[in-house]
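A.B. asks: Need coordinates for the below:
(2 chains)
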Number of protein chains: 2
Amino acid sequence: MALSSTDTSRIGNTLAVIRTLRDQGPVARTDLGKLNGISSATVTSISSELLQQGLISERPPETPRSNGRGRPKTLIELKPNAACVVCIKLSINEIQLVVGDFAGQVRHSELHVVPTLTMSADDLAALLEDKISTVCTQQLKGFQRLAGICLAVQGVVSSQSGTVIWSPALSFRNAPVSARLAERFHCSVLLENDANCIASVLAAQSAYADCPNLVVIMLGYGIGMSVLINGVPYLGANGSAAEFGHSKYHPDGALCACGRRGCIEAYASDYALYRAAASHLELPSGDSAHPSEQQMQALTQLALNGEPTVQRIYAEAGRALGFGIANVLALFNPDLVLITGSGVRGFDVMQTAMHSAINDALVAELMGTTRIESCAWERDMTCMGGIALALHATDTQTLLDSD
Amino acid sequence: MALSSTDTSRIGNTLAVIRTLRDQGPVARTDLGKLNGISSATVTSISSELLQQGLISERPPETPRSNGRGRPKTLIELKPNAACVVCIKLSINEIQLVVGDFAGQVRHSELHVVPTLTMSADDLAALLEDKISTVCTQQLKGFQRLAGICLAVQGVVSSQSGTVIWSPALSFRNAPVSARLAERFHCSVLLENDANCIASVLAAQSAYADCPNLVVIMLGYGIGMSVLINGVPYLGANGSAAEFGHSKYHPDGALCACGRRGCIEAYASDYALYRAAASHLELPSGDSAHPSEQQMQALTQLALNGEPTVQRIYAEAGRALGFGIANVLALFNPDLVLITGSGVRGFDVMQTAMHSAINDALVAELMGTTRIESCAWERDMTCMGGIALALHATDTQTLLDSD
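C.D. replies: This next block holds a predicted model:
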């Protein structure tokens, strides 16, 4: 059914109220109005409806202090157990399951080492069903319902069709995953690129509030990117936009995991750095095709300690990264490029070459006022973003359904 | 003043009605409603207001044919003389001035050969004022008012601040041009990249209606690009997005007009093709730094006739173009890449190498379903786009002011 502009505006205001309660915890009605620029009559009407739906509760006013003036305000807050969502982060040989409550707080987290690289698409689907089902039985008892699931996947995904097009964690391609889970668990299932999850967390931070056009680059085993245009992730025609890792540094360059040559990832990702170092040096034993965090930290330490070959490799990685960023600046002209991911561990030994490559590549007029910054990496940011996105999607769906 | 959602919807409906009348000529009220999905009551109310403002007129019903059934409908149409706009296209050593009427038709066009490359910013501003002023005196007598001006400029412009950041037609940089003209002629002044003007014309064509994410690449003296995201030109943080010509083919490659090395433009633009050919062959005399259309046609003919050196140069240009497009596909994942501009004259001798470079650069999963097509070049498309954009901007401004 087509919505009238009044319906659309009502849904927008309700989403704004829920988002404020999720970000700020208990808030008085008058403050909800002020924060979102909506009238107190509208806030009252929205909160009555949310109370009736069991999504919020009132918190009795605190006893005023002895010198307190005026009537204390009743605060309203989201009922954490009104619903929950599950975020599953899929990366190489590892899946992380996190349960978030309706208030957006993480209530449970578990990590499983599983051989993702040797699984078939059916194995993966069965594994995901099994893990979610177990979590439902053991962890979701107090919740009224499982409202949504977010799959956060490293690699190229089509969010629209719910298909994993291609992931470094998987040996198969073009696997539809969302539909089967949605049918099994009777809830909405989001499929998201891991970089988009992280970008949505960062974009909500006040430090980046003045950056509507934000590019987030994720360094790690592979290289991911998310582009927010006016705060919204840009997905492209089939959801595979922002594949920075496979944009080009050198037409006939190093071999990339994708099978082509000269991609930025073939120089600046963990596997590329380790591969280049292993061809010149004796490195500690381990899986050199999928180096662990420990292996990568040891390698980075060699560069920090001044080992000339490793320093040269990190500088070449920085140069590739810089040329790639120059293309991003020329094409997207964003407010800010933020570099994060586990690979920022090596950023200090890459950044001089990176900045110098950007300067070599672009005249000042094209660099404009874009800032380029790095940002410390938190392992759980992907799942936090996945939970926020799943909650937002289910809020919207619930409001549209009830309209 | 903040607009209510009712105001916004009213303005949107009015703009839709005006746009339909501009695209289709005289239309009956009932058809205006059907074409735009608005109620007949709203169409009646909007058309009364436009009649009162003198922007539309009624056309008496035509005499029904002898076998005609039903009452003939009164058509409404835009009054062509209600307002006019001027579009000025600035390119190397040439300015074109076009007057468009309120119905969007070109009413006057003139071309001036002027030494843009040796002008100062003040010279240019004085020249533009003089030419517009002369046009106002000689050509705009029948019009009620000059509603807007659009400057369509080759190069990097900041539409937001009305500044030409850098153009191959000019030897100076960072010149504010809009404010002075707006003050002198008391109307809104748009500053647009020429590629955005062309993209807006193409995007309105029914052949591309299914391509909300459209990339238009303009080959010519330089190489321009326009990216439409959901049909709207993407401008970036300071309006200099989509600088495809200065994205990179090769880190230490050929020298570009921008002063850096390895840009796509340094291989595939007119000046780059001519420069490469002139270093190997005796070419007809002429300005080899700014080759004319005639010089470029002669060069292209050499390639078409099988001259091996020129063929090799066009193939290398195609390869650079292909690698650049591969980056655009990886980063934007558009529905369609459309290649046009005067440089499409050489597309037949570039396209094999271009497609092969795209295949070398990108795996099938990242190419997705994006189509890559060329489109015959019409010299006047820039000005037609400029007129359409100027009319749309002044329509919007008028409605906001009268609200």
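
A.B. asks: for the longest helix along chain A, packing partners?
C.D. replies: In chain A, with assignment by DSSP state H, the single longest helix is helix A:308-332. Packing partners of helix A:308-332 (3 or more C-beta pairs under 8 Å, 6 or more residues apart in numbering or on different chains; DSSP states H and E): strand A:214-219, helix A:265-268, helix A:270-278, helix A:293-304, strand A:336-340, helix A:351-361, helix A:364-367, helix B:308-332. Where C-beta positions appear, they are placed from N, C-alpha and C, glycine not excepted.

A.B. asks: what sits up against the fifth one?
C.D. replies: It refers to strand A:336-340. Residues outside strand A:336-340 that contact it (C-beta atoms under 8 Å, 6 or more residues apart in numbering or on different chains) are A:198, A:202, A:208, A:211, A:213-219, A:325, A:328-329, A:347, A:370-377, A:381.

A.B. asks: returning to what we had before: tell me the buried residues in the longest helix of chain A?
C.D. replies: Across helix A:308-332, burial judged by 16 or more other C-beta atoms under 10 Å in any protein chain shown covers A:310-311, A:313-332.

A.B. asks: likewise stretch A:346-357?
C.D. replies: A:346-347, A:349-351, A:353-354, A:357.

A.B. asks: Over to stretch A:166-175?
C.D. replies: Neighbour count says stretch A:166-175 has A:166-170, A:173, A:175 buried, by 16+ other C-beta under 10 Å.

A.B. asks: Over to stretch A:45-63?
C.D. replies: A:46-47, A:50, A:55-56.

A.B. asks: so how far is that stretch off the chain centroid?
C.D. replies: Taking C-alpha atoms, centre = their mean, to the nearest Å, one finds stretch A:45-63 lying 31 Å from the centre of the chain it belongs to.

A.B. asks: Render the CA-only coordinates of it in PDB, please.
C.D. replies: What follows is stretch A:45-63, C-alpha atoms only, in PDB (Å, rounded to 0.1, in the frame of the first residue of the first chain):
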ATOM      1  CA  SER A  45       0.600  10.400  20.800                       C
ATOM      2  CA  ILE A  46       3.700   8.400  19.700                       C
ATOM      3  CA  SER A  47       4.600   7.400  23.200                       C
ATOM      4  CA  SER A  48       1.000   6.300  24.000                       C
ATOM      5  CA  GLU A  49       1.100   4.000  21.000                       C
ATOM      6  CA  LEU A  50       4.500   2.600  21.900                       C
ATOM      7  CA  LEU A  51       3.300   2.000  25.500                       C
ATOM      8  CA  GLN A  52       0.200   0.200  24.200                       C
ATOM      9  CA  GLN A  53       2.400  -2.000  22.000                       C
ATOM     10  CA  GLY A  54       4.600  -2.900  25.000                       C
ATOM     11  CA  LEU A  55       7.700  -1.400  23.400                       C
ATOM     12  CA  ILE A  56       8.400   1.300  26.100                       C
ATOM     13  CA  SER A  57       7.800   1.700  29.800                       C
ATOM     14  CA  GLU A  58       7.600   4.700  32.100                       C
ATOM     15  CA  ARG A  59      10.100   5.200  34.800                       C
ATOM     16  CA  PRO A  60       8.600   6.700  37.900                       C
ATOM     17  CA  PRO A  61      10.100  10.200  38.600                       C
ATOM     18  CA  GLU A  62      13.000  10.200  40.900                       C
ATOM     19  CA  THR A  63      12.400  11.800  44.300                       C
END
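
A.B. asks: Just list the residues touching the residue nearest the centre of chain A, thanks.
C.D. replies: The centroid of chain A falls nearest to residue A:197 when counting by C-alpha atoms, centre = their mean (1.5 Å). Taking C-beta under 8 Å, 6+ apart, we find residue A:197 in contact with A:87, A:150, A:152, A:381-386, A:389.

A.B. asks: For my notes, confirm it occurs in a helix.
C.D. replies: Yes - with DSSP: H, G, I helix; E, B strand; the rest coil as the criterion, residue A:197 is assigned to a helix.

A.B. asks: And the pLDDT for the nearest residue to residue A:56 once chain neighbours are set aside?
C.D. replies: Leaving aside its sequence neighbours, residue A:56 sits nearest to residue A:50 (C-beta to C-beta, 6 or more residues apart in numbering or on different chains; 4.5 Å). For residue A:50, the model assigns a pLDDT of 94.

A.B. asks: Beyond the host helix or strand of residue A:50, next helix or strand please.
C.D. replies: Assigned by DSSP states H and E, residue A:50 belongs to helix A:40-52. Note on helix A:40-52: by DSSP H and E, the next helix or strand toward the C-terminus is strand A:56-59.

A.B. asks: what's in contact with that following strand?
C.D. replies: Contacts of strand A:56-59 (C-beta under 8 Å, 6+ apart): A:21, A:26, A:47, A:50-51, A:74-79.

A.B. asks: re the thing from before, of the contacts of residue A:197, which pair is most distant in space?
C.D. replies: Spatial extent of the contacts of residue A:197 (C-beta to C-beta) is set by the pair A:150 and A:381 at 13.4 Å.

A.B. asks: re earlier: looking at the contacts of residue A:197, which are in helices?
C.D. replies: Judged by DSSP H, helices contain the following of the contacts of residue A:197: A:381-386, A:389.

A.B. asks: Closest one to chain B out of those, please.
C.D. replies: residue A:389 (19.5 Å; C-beta to the nearest C-beta).

A.B. asks: ok now do the closest one, which residues does it touch?
C.D. replies: A:150, A:190, A:192, A:196-197, A:200.

A.B. asks: do residue A:85 as well
C.D. replies: A:99-100, A:146-150, A:387, A:390-391, A:394.

A.B. asks: Return the subset of those lying in strands.
C.D. replies: Applying DSSP state E to the contacts of residue A:85, the entries found in strands are A:99-100, A:146-150.

A.B. asks: among the helices and strands packed on helix A:308-332, where is the model least confident on average?
C.D. replies: Checking each of the helices and strands packed on helix A:308-332, the one with the poorest mean pLDDT is helix A:364-367, at a mean of 84.

A.B. asks: Now do the strand or helix carrying residue A:110: which elements does it pack against?
C.D. replies: Here residue A:110 sits within strand A:106-112, counting by DSSP H and E. With contacts taken as 3+ C-beta pairs under 8 Å, 6+ apart, strand A:106-112 sits against strand A:94-101, helix A:121-139, helix A:381-402.

A.B. asks: Show me the one of these that comes nearest residue B:294.
C.D. replies: Residue B:294 lies closest, by C-beta to C-beta, to one member of those: helix A:381-402, at 56.7 Å.

A.B. asks: now the closest one: mean pLDDT?
C.D. replies: 88.

A.B. asks: Measure how that helix sits relative to strand A:214-219, angle-wise.
C.D. replies: Here the directions of helix A:381-402 and strand A:214-219 differ by 130 degrees (axes from the mean of the first three to the mean of the last three C-alpha atoms, to 10 degrees).
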